[in-house]
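A.B. asks: I would like to see how this sequence folds:
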Amino acid sequence: MAVSKGSKKRRPAGRLFSIILAIFENMKKFISFFLVTILLASCIAFAGIHGTAPSQIHPWWQDAIFYEVFVRSFNDSNGDGIGDFNGITKKLDYLKDLGITALWLMPIFPSPSYHGYDVTDYFNANPQYGTLEDFKNLLSQAHQRGMHVIIDMVYNHTSDQNPWFVSANEDPQSPYRNWYIWSSTNPAYMGPLGVAWHPGKQGFYYAVYTGMPDLNYRNPAVTTEMNKVTSFWLKNIGVDGFRLDSIMYLIEEGQKQKNTKSTHDWLKKFYQTYKADNPIAFMVGEVGGADAALAATYTGDQLDMAFEFELATSFINSVNGGSNSSIDSALSFAQQSLPTWQFASFLTNHDQPRTMTVLNGNVDKAKVAAFLLLTSPGTPFIYYGEEIGMEGDKPDPNIRTPMQWTDAAGAGFTSGMPWESLGPNYQTANVAAELNDPNSLLSFYHSMIAIHKQHPALRYGDLVLLSTGNPGVYGALRGSSSETLLILVNLTKSPIQAYDLSATGVNLADGKYTLTALVGNGTAPTIIIQKGAFADFKPAAEMPAFSTYLYKLTP
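C.D. replies: Got it, this is the predicted structure:
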């Protein structure tokens, strides 16, 4: 074919344009993430979020006090016995007064189960809880009160009643078949929680949890779809982040089914995706049983935080056992593995016997546990009803019973028949009974949350564990650039006189320091720091049983 001179002259320019366009397309993701990173820093700086010095910027979740809510059990607004979005909205002022600044809502999606961890539709709300508009109103009302809201997101698996799986199970040629993990014969090896391979209509499918088939993230289409889900809730609906359920099981590598390299690699790409959607979106992961070392492997370029299960166990063990060995050990290991203290802390959650049950109904022990949670490093998460001492043990529905607002029929949760029987102590442990009682567990939570919010050293300060000379006494220093606090606890049921505090590596100038009591009665002698150390110090001559102290050091 003949080519005109004009065409010959234009062709190199067109080729050059194509090359430039290709280069641009290849750089788009990099440029986007670079800009997102800059925007993230800018947004965090704008949020201001209580930095202790101009050079220290802390994202909103480091300052947060989270409250975990099982929607079904929190407050019923229409008398059908099931908690709902409008019910939570009506109780936002209670939560704000308590000092809560962020909510974690357990699954809110349509689901055939009471708990909701088997999702049938990721783009809608559970109709038993209300409409998407009801949820948006809850979100708006929470934001107006300065509260962030994150929701439980289940990436690992769906319901076996999800239309994707129904199609995949019926037809091996279904476009959704490869969204799940199949075998024509039963591989028969066990999963981390028991049987892993389950009979379907056309072969065997892999599922860590019975009735909840795992998604196949080796199929790019699954990642694309779940990225759409993420964007929908972050950008279209406006939630502030997610708690990622069972994230340690996301991608299997043969019979290695937990905490795999493939899971970490996927999360690194996911981090870029969700930060592009919202630079200050917060992701906290459930990595079951994680200590700080394992939590650290998920933190930074994958998730913003993971739950620190070992520390949670140590709080309960030290309080129940009357010994500092468990909490000292957990904090020491955490300091080595995650010295930035970027983890989520808690006492117990929706999968574990309730704190008050584990502590055998002892309110004094519950106060000590709350004190440890709210003075130790990490972002604290409080399970609904923990602040009033609700009780409950396995099986799981007994841990997720209706919130106890009053001692009336229905516990003030509903005017109808509660979806689940009330907790065993609802007539004595309820908001109405405790709200105006200065000695109640609820009042203690009120005061400790307020103190946590007032003092940057408790939110993101360094930690120095103290030698106390007595296993029944726990002691620590928390310090930020603006303040230093001394924490002291009698973990036992008896008064203690025989103890003395000492420490090295204290980041304070030499000299005398006055102790001002923020928690606990009485005046304390001055403490003398020499070469970053002190010894043989007793702030209180006698520490009553289960007593807690918090002092501020002033030169």
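A.B. asks: now the strands for the stretch 1-150 of the chain?
C.D. replies: Along the stretch 1-150 of the chain, counting by DSSP state E, counting those that start in this stretch, strands occupy 66-69, 102-105, 148-153.
A.B. asks: wait, Ile247 sits on Asn156?
C.D. replies: Yes - the pair Ile247 / Asn156 is scored as a contact, 6.9 Å apart, by Cβ atoms under 8 Å. Every C-beta, even on glycine, is put in place using the N, C-alpha and C of the backbone.
A.B. asks: for Lys8, give me the pLDDT.
C.D. replies: pLDDT for Lys8: 31.
A.B. asks: now swap in Ser481 and tell me
C.D. replies: With respect to pLDDT, Ser481 scores 88.
A.B. asks: from Met448, how far off is it?
C.D. replies: Note on Ser481: its distance to Met448, by Cβ to Cβ, to the nearest Å, is 23 Å.
A.B. asks: so these two - more neighbours on which side?
C.D. replies: Taking other Cβ atoms under 10 Å, Ser481 and Met448 do not tie; Met448 has more neighbours (24 against 15).
A.B. asks: quick check: that one vs Val473, distance?
C.D. replies: Taken as Cβ to Cβ, the span from Met448 to Val473 is 19 Å.
A.B. asks: Pro395: neighbour count?
C.D. replies: Using other Cβ under 10 Å, Pro395 is surrounded by 8 other residues.
A.B. asks: how about Ala330?
C.D. replies: Look at Ala330: counted by other Cβ under 10 Å, it has 23 neighbours.
A.B. asks: likewise the one 4 residues further on?
C.D. replies: Here the number of neighbours of Ala334 (other Cβ under 10 Å) works out to 26.
A.B. asks: again with Asp396
C.D. replies: Applying other Cβ under 10 Å, we find 13 residues neighbouring Asp396.
A.B. asks: contacting residues for it?
C.D. replies: For Asp396, the contacting residues are His115, His350, Asp351, by Cβ atoms under 8 Å, 6 or more residues apart in numbering.
A.B. asks: just the buried ones from the residues you listed?
C.D. replies: Among these, the ones that count as buried by 16 or more other Cβ atoms under 10 Å are His350.
A.B. asks: any chance of TSV for the contacts of Asp396, columns distance to Arg145?
C.D. replies: TSV is the format used below for those (distance: Cβ to Cβ, whole Å):
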residue	distance to Arg145
His115	27
His350	24
Asp351	29
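A.B. asks: identify, from the contacts of Asp396, the entry nearest to Leu550.
C.D. replies: Checking the contacts of Asp396 against Leu550 by Cβ to Cβ gives His350 as the nearest, at 29.5 Å.
A.B. asks: next SSE downstream of the top strand by length along the chain?
C.D. replies: For the chain, the strand with the greatest residue count under DSSP state E is strand 511-519. Scanning forward in sequence from strand 511-519 by DSSP states H and E, the next helix or strand is strand 527-529.
A.B. asks: what about the helix or strand following that following strand, average pLDDT?
C.D. replies: Next along the chain after strand 527-529, taking DSSP H and E as the criterion, comes strand 534-537. The predicted model assigns strand 534-537 a mean pLDDT of 94.
A.B. asks: what about strand 534-537, distance to the chain center?
C.D. replies: Centroid separation for strand 534-537 versus its chain: 37 Å, with Cα atoms, centre = their mean, to the nearest Å.
A.B. asks: pull up the pairing partners for that strand, direction included.
C.D. replies: The strands beside strand 534-537 in its sheet (DSSP bridges) come out as strand 501-503 (antiparallel).
A.B. asks: for the record, mean pLDDT for the partner strand?
C.D. replies: 97.
A.B. asks: how about residues contacting it?
C.D. replies: With Cβ under 8 Å, 6+ apart as the test, strand 501-503 has contacts from 464-469, 475, 477, 488, 533-539.
A.B. asks: buried residues, that strand. List them.
C.D. replies: Those would be Leu501, Ala503, for strand 501-503 by 16+ other Cβ under 10 Å.
A.B. asks: equivalent analysis for stretch 254-265, please.
C.D. replies: Neighbour-count burial for stretch 254-265, counted by 16+ other Cβ under 10 Å, picks out Gln257, Lys258, Asn259, Thr260, Thr263.
A.B. asks: turn these into a markdown table, columns for secondary structure, pLDDT and distance to Asn162.
C.D. replies: Formatted as a markdown table, those follow (DSSP: H, G, I helix; E, B strand; the rest coil; pLDDT from 0 to 100; distance: Cβ to Cβ, whole Å):
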| residue | secondary structure | pLDDT | distance to Asn162 |
| --- | --- | --- | --- |
| Gln257 | coil | 96 | 21 |
| Lys258 | coil | 96 | 23 |
| Asn259 | coil | 97 | 25 |
| Thr260 | coil | 97 | 24 |
| Thr263 | helix | 98 | 21 |
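A.B. asks: go through the residues you listed and name the one nearest Leu132.
C.D. replies: Once Cβ to Cβ is applied, the member of the buried residues of stretch 254-265 that ends up nearest Leu132 is Thr263, at 30.5 Å.
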